[in-house]
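Visitor: Sharing a model that was predicted from the sequence below.
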Amino acid sequence: MNETLPTATHGQMELLVAAIRDYAIYMLSPEGIVITWNTGAQRFKGYTAEEIIGQHFSTFHTPEDQAAGIPAIALRQAREEGKFECEGWRVRKDGSRFWASVVMDPVVQDGVLVGFAKITRDITEKRRAEDELLASERQFRMLVQGVLDYAIYMISPQGIVTNWNSGARRIKGYDASEIVGRHFSHFYTEEERARGTPLLALQEAADKGRYEAEGWRLRKDGTTFWAHVVIDAIRDDSGALLGFAKITRDITERREAEQSLDQARAQLFQSQKMEAVGQLTGGVAHDFNNLLSIISSAVQILQKQNASALEKSIIDTIGRAVERGSTLTQQLLAFARQQPLAPANHRINRVIESFEPVLRRAVPSSIRFETVLARDVGWVNLDEARFEAALLNLVVNARDAMPDGGSITLSTARVPAGGDQVRITVTDTGTGMDAELAARVFEPFFTTKDIGKGTGLGLSQVQGFIMQSGGQVTLESTPGHGTSVHLTLPMITVTEEEAAPAGELVIIVEDEPELAALAGTLFESIGYQVLIADGGEQALRLLAQNPGADLLFSDVMMPGMSGIELARKVRAQYPGLKIILASGYQAPALRAEGSIDDVAFVSKPYRLSEIVKRLR
């Protein structure tokens, strides 16, 4: 069964067109005269049908378009090309303007042009939204271009740079014309590219929406900077990946500041740790050394007596035990920087030259040992024996770092060039160490050697001694390339001084009676007359009674007046009197109360040979 669908009549079509309110739909004659008008045309153009029918459609154009002949061009293009379509400003009856989307089609009947069908739509709001969007984009571009502290740019999904801001040019050094179109991996170091870091960054940004990291990046001139990098994935409404937004900031200065802060904290921690160890060992040393001094003095007196072979063997054993106890105490005091020193003025090169044979014997034939001593290096004030021990420690460490052979260089140089310091450097070509290990080598009891082959006190002792001597120790090391340890000491100007002659009357000042008596016996054994005082006040009275005394031998740490304070008073009243101070707790007292010129020092437990050496 066939059914015929109804067709719209001419009248129905007119009613349809007339009812449309959102579009102006009307007919023009071949010459452009308005011949029909609908409700939509009246609504947004403002004219009634009676007012506009019979008028030329150019009435709706702006004066500028009329002057430019746009209406005639529109008719001709529609007639010749079959359609005219554009957007532009149009004028309402009240003179206001709106942005219109215009389509004009020719109407042909039996091959003859009978007019034009014209459809106009008011799209002012759409145009305003587009203009606002363009303005926003323009402002955003200006904002991005104006940022100088951040490199902000876009990357395609494949990693190609698609735009470039002023900050990127300032930080990375490239103009937009040099970098747009190149892969962003160009900014990464060769090591990062080899590890695939750029592609992994894009992959993480695509998978998680963001990638954030810090690392070294390259500038155009090949220099590196420490960068904070953020990469965000950009997707459209459907979720398709459009590319990536990348922001890079140069934070090299911040990183250096953080490293300086970390270094300062580490130094503070090390200082506090060493201070705690120093306080502990210093306090123990004062009492322990007094006990050792009593035993040592008694042993030395017994050694002068007639005794059987068995008795002499026992006495010698006791003496060796005292020496080992003293050595242990000195090791602890060394890294705590409380170790008493016996400084003297030395030409540093001569000290090294005289000790060089010992150093060479410590090195096997598989290792080449050489010295490079600068001629302009002068005098230093230090304890020669402790300095030699420090050099030997460094050379042995260098030797142990080269089990398969290599070279050790011991050098001196004036620093800065022509300056007032001398730098003694021990350099090896051994295994070297990384930064983490190098930061710990001066810690007490830290060692990289096998159990039983190192105490971990060696470099701590070296550092303690050098700092106690007014210098500093630094270390440079690279894994696989060796290590250099630098000892920097102040140089001095030396003047000739004559030593005061030894006297015959000694005043011993010691608050412990047993130790005072034993010290008196030691001095009597080498021909001195002895007077004993139990404190500083009594010592001053004895000096007043015996102004011709030749030597004052005093403990440092005593109740009431300390040995330092007594020495000051004695030096002021008796400038020619020789003074020797004795204690295992000397350095802290000197730091607390200041130093005194022309005062000799012996370390508890002291030996008779040490006292004789100071007297000479």
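Guide: Alright, I've got the coordinates. Residues are numbered from 1 along each chain as shown.
Visitor: Could you verify that Leu202 is part of a strand?
Guide: No - counting by DSSP: H, G, I helix; E, B strand; the rest coil, Leu202 is not part of a strand but helix.
Visitor: Got the phi and psi for the closest residue to it other than its chain neighbours?
Guide: Leaving aside its chain neighbours, Leu202 sits nearest to Gly159 (5.7 Å; criterion: C-beta to C-beta, 6 or more residues apart in numbering). All C-beta spots, glycine's among them, are computed from the backbone N, C-alpha and C. The phi/psi pair for Gly159 (degrees, to the nearest 10) reads phi 100, psi 10.
Visitor: repeat for Gln529
Guide: Residue torsions, per degrees, to the nearest 10, at Gln529 are phi -90, psi 140.
Visitor: and it, how many neighbours?
Guide: Residues near Gln529, counting by other C-beta atoms under 10 Å, number 15.
Visitor: re earlier: test my guess that the residue nearest to Leu202 contacts Gly181.
Guide: No - at 11.5 Å, Gly159 does not count as touching Gly181 under the criterion of C-beta atoms under 8 Å.
Visitor: that older thread, how many other residues sit next to the residue nearest to Leu202?
Guide: 18.
Visitor: Could I get the contacting residues of it?
Guide: Listed by C-beta atoms under 8 Å, 6 or more residues apart in numbering, the contact set of Gly159 reads 183-185, 198-199, 202.
Visitor: Restricted to buried residues, select the residues you listed in PyMOL.
Guide: To isolate in PyMOL the members of the contacts of Gly159 that are buried, counting by 16 or more other C-beta atoms under 10 Å, one can use:
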select buried, resi 183+184+198+202
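Visitor: how about JSON lines for the contacts of Gly159, with distance to Glu311, pLDDT and secondary structure added?
Guide: As requested, the contacts of Gly159 are arranged in JSON lines below (distance: C-beta to C-beta, whole Å; pLDDT from 0 to 100; DSSP: H, G, I helix; E, B strand; the rest coil):
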{"residue": "His183", "distance to Glu311": "90", "pLDDT": "95", "secondary structure": "strand"}
{"residue": "Phe184", "distance to Glu311": "88", "pLDDT": "95", "secondary structure": "helix"}
{"residue": "Ser185", "distance to Glu311": "85", "pLDDT": "93", "secondary structure": "helix"}
{"residue": "Pro198", "distance to Glu311": "83", "pLDDT": "94", "secondary structure": "helix"}
{"residue": "Leu199", "distance to Glu311": "85", "pLDDT": "94", "secondary structure": "helix"}
{"residue": "Leu202", "distance to Glu311": "87", "pLDDT": "94", "secondary structure": "helix"}
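Visitor: Can I get the contacts of Gly159 in TSV including distance to Glu80?
Guide: Compiled in TSV, these are given as follows (distance: C-beta to C-beta, whole Å):
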residue	distance to Glu80
His183	50
Phe184	51
Ser185	55
Pro198	56
Leu199	56
Leu202	52
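Visitor: Just give me the closest of the contacts of Gly159 to Arg440.
Guide: Each of those was scored against Arg440 by C-beta to C-beta, and Pro198 proved nearest at 35.1 Å.
Visitor: Show me what the host helix or strand of Ala413 is packed against.
Guide: Secondary structure assigned from DSSP states H and E places Ala413 in strand 406-415. When contacts are defined as 3 or more C-beta pairs under 8 Å, 6 or more residues apart in numbering; DSSP states H and E, strand 406-415 sits against helix 348-361, strand 367-373, helix 384-400, strand 421-428.
Visitor: Could you check the shortest one and say which residues are buried?
Guide: Spelled out, it's strand 367-373. 367, 369, 373.
Visitor: Least confident of the residues you listed?
Guide: Within the set of the buried residues of strand 367-373, pLDDT is lowest for Leu373 (88).
Visitor: from what I can see it touches Thr412, true?
Guide: Yes - look at Leu373 against Thr412 with C-beta under 8 Å: they come within range, at 4.9 Å.
Visitor: Need the overlap of contacts for those two.
Guide: 349, 352.
Visitor: May I see the buried residues of strand 367-373 organised as CSV, with distance to Arg320 added?
Guide: Output for those, formatted as CSV (distance: C-beta to C-beta, whole Å):
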residue, distance to Arg320
Ile367, 34
Phe369, 33
Leu373, 38
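Visitor: Out of these, which comes closest to Val112?
Guide: Out of the buried residues of strand 367-373, the member with the shortest distance to Val112 (by C-beta to C-beta) is Ile367, at 112.7 Å.
Visitor: what is that closest one paired to in the beta sheet?
Guide: Bridge pairing for Ile367 (DSSP bridges) gives the partners Gly406.
Visitor: does it really touch Asp400, like I thought?
Guide: No - at 10.5 Å, Ile367 does not count as touching Asp400 under the criterion of C-beta under 8 Å.
Visitor: neighbours of Arg121, just the number please.
Guide: 19.
Visitor: Mind splitting this structure into its structural domains?
Guide: According to automatic domain parsing, the chain comprises the domains 10-123, 147-250, 344-490, 505-615.
Visitor: what's the closest of the ones you listed to Gln263?
Guide: domain 344-490 (9.1 Å).
Visitor: Endpoints of the closest one, how far apart?
Guide: 13 Å (C-alpha to C-alpha, to the nearest Å).
Visitor: again, but for stretch 573-580
Guide: 16 Å.
Visitor: what ranges do the strands span in the stretch 151-300 of the chain?
Guide: Counting by DSSP state E, counting those that start in this stretch, one finds strands in the stretch 151-300 of the chain at the ranges 151-155, 210-218, 224-235, 241-250.
Visitor: Around the nearest residue to Leu242 once chain neighbours are set aside, how many other residues sit close by?
Guide: Spatially, and ignoring its direct neighbours in sequence, Leu242 is nearest to Ile234 (4.7 Å; C-beta to C-beta, 6+ apart). Using other C-beta under 10 Å, Ile234 is surrounded by 13 other residues.
Visitor: now Asp550
Guide: Neighbours around Asp550, by other C-beta under 10 Å: 19.
Visitor: go on, Tyr574?
Guide: Residues lying near Tyr574 (other C-beta under 10 Å) number 16.
Visitor: Got phi/psi on it?
Guide: According to degrees, to the nearest 10, Tyr574 has phi -130, psi 80.
Visitor: do Ala307 as well
Guide: Given degrees, to the nearest 10, the pair of backbone angles that Ala307 has is phi -140, psi 160.
Visitor: So it sits against Ser313, correct?
Guide: No - using C-beta under 8 Å, Ala307 is not in contact with Ser313; the gap is 9.4 Å.
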